[in-house]
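Novice: Return a 3D structure for these sequence lines:
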Amino acid sequence: MEHLDRFAASLALAGRSGHTSAAYLRDLEQLAAMLAPTPLPQAEAGQLRKALAKLHAQGLHSRSLARKLSAWRRFYQWLLDSAQRPDDPSLGLRAPKQDKPLPKALPVDSTAALLDRIDDADPLSVRDRALFELIYCCGLRLSEAVGLNLEDIDFSDDLLRVRGKGGKTRITPLGATARACLQQWLAQRQAAAGENALFIARHGGRLGGRQVEKRLRDWAIKTGAQQHVHPHMLRHSFASHLLQSSGDLRAVQELLGHANLSSTQIYTALDFQHLAKVYDDAHPRARKKPENED
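Specialist: Next comes the predicted model:
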């Protein structure tokens, strides 16, 4: 196609890489096939909209749709700039919003296996167990966990005061396992003079988030985890496991410190995935028949 050859030459003059140019041309050749018999340079906005909708209906990921639409826009803008057509039919076209990825949560047994295998061989290990138990028990963000101070723990009522996003404070229950691990840690905690942080580093000052991420990653490898584990995954696991057990979305919202319920509703998708797996594994009509079964 002569117009595509000239468009490719314009991309080269603009300094676009060969990889980018090749990707644009593939997307435009696909569009030309979808528009046939209408020539690509003569397409109307409605035709482009239908082509975009067709690709979406075929299950193409939103990122791929956005990339294709970028190639279309570039081509029709080039036609307009070079006076090869009087308008740009791609103006106003919008790719579907990118799918929001579901948060990754560990299964209940994997979470327990990870936490239970952290030993108490030294004070740092005791600290790590208490920290990770607290994140999972209370659904804490990493910043919330490392920002805790000694006075935020109320052992008399088994409550924890958490300072969340925007300076908002919430009170969350302290589970029995987290309480026991915290008490074990506090018996060994040796902080620098005047340091009030609940969790401290080797030097006696407040523990940093990067250190927490590294320690959890190392523990996950050491205890045989089959995937990369990060602190926020423990928070996601807390929400998912609690929702699976209780079904109370409002309670999970309060415990997570979400200002809007919409932020919490993403966990209903995780809960549905869990229910779907249970169905597939347990329901007799969900099981596929063996190939040799009549």
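
Novice: Mind listing what's buried along the helix or strand where A220 lies?
Specialist: A220 is part of helix 209-222, with elements assigned from DSSP states H and E. Neighbour-count burial for helix 209-222 flags 212, 215-216, 219-220 (criterion: 16 or more other CB atoms under 10 Å). Where you see a C-beta, it was placed from the backbone N, CA and C, and this is true even at glycine.

Novice: Report the angle between the helix or strand just after it and helix 209-222.
Specialist: Counting by DSSP H and E, the element after helix 209-222 in chain order, helix or strand, is helix 231-246. Going by axes from the mean of the first three to the mean of the last three CA atoms, to 10 degrees, helix 231-246 is angled at 70 degrees with respect to helix 209-222.

Novice: next one: helix 231-246 to chain centre, how far?
Specialist: In terms of CA atoms, centre = their mean, to the nearest Å, the centre of helix 231-246 is found 14 Å from the chain centre.

Novice: Show me what the helix holding A220 is packed up against.
Specialist: Counting contacts by 3 or more CB pairs under 8 Å, 6 or more residues apart in numbering; DSSP states H and E, helix 209-222 is packed against helix 123-138, helix 142-146, helix 231-246.

Novice: Could I get those in TSV, plus columns for mean neighbour count and distance to R189?
Specialist: Output for the helices and strands packed on helix 209-222, formatted as TSV (neighbours: other CB atoms under 10 Å; distance: least, CB to CB, whole Å):
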stretch	mean neighbour count	distance to R189
helix 123-138	23	7
helix 142-146	20	14
helix 231-246	20	20
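
Novice: Which among these is found nearest to L114?
Specialist: The closest of these to L114 is helix 123-138. By CB to CB, the value is 7.7 Å.

Novice: got the angle between that closest one and helix 209-222?
Specialist: Orientation check (the same axes, to 10 degrees): helix 123-138 against helix 209-222 gives 90 degrees.

Novice: What lies in contact with stretch 219-230?
Specialist: Here stretch 219-230 makes contact (CB atoms under 8 Å, 6 or more residues apart in numbering) with 104, 106, 110, 113-114, 117-118, 128, 132, 213, 216-217.

Novice: Next up, the contacts around L65.
Specialist: 52, 55-56, 95-96.

Novice: circling back: worst mean pLDDT among the helices and strands packed on helix 209-222?
Specialist: Among the helices and strands packed on helix 209-222, helix 231-246 carries the lowest mean pLDDT, a mean of 80.

Novice: ok so, going back, so which of the buried residues of helix 209-222 comes closest to C181?
Specialist: Proximity of the buried residues of helix 209-222 to C181 (CB to CB) peaks at W219, which lies at 13.8 Å.

Novice: Give me the distance between the closest one and R129.
Specialist: As defined by CB to CB, to the nearest Å, W219 lies at a distance of 9 Å from R129.

Novice: who touches both of those two?
Specialist: I118.

Novice: Tell me which stretches of the stretch 1-150 of the chain form helices.
Specialist: Taking DSSP state H, counting those that start in this stretch, the helices of the stretch 1-150 of the chain run over residues 2-13, 18-35, 45-57, 62-81, 108-116, 123-138, 142-146.

Novice: Which of the helices and strands packed on helix 209-222 sits closest to R73?
Specialist: Short answer: helix 231-246, nearest of these by CB to CB, at 35.5 Å.

Novice: who does that closest one touch, helix- and strand-wise?
Specialist: Packing contacts for helix 231-246, counted by 3+ CB pairs under 8 Å, 6+ apart, involve helix 108-116, helix 123-138, helix 142-146, helix 209-222, helix 249-256, helix 266-282.
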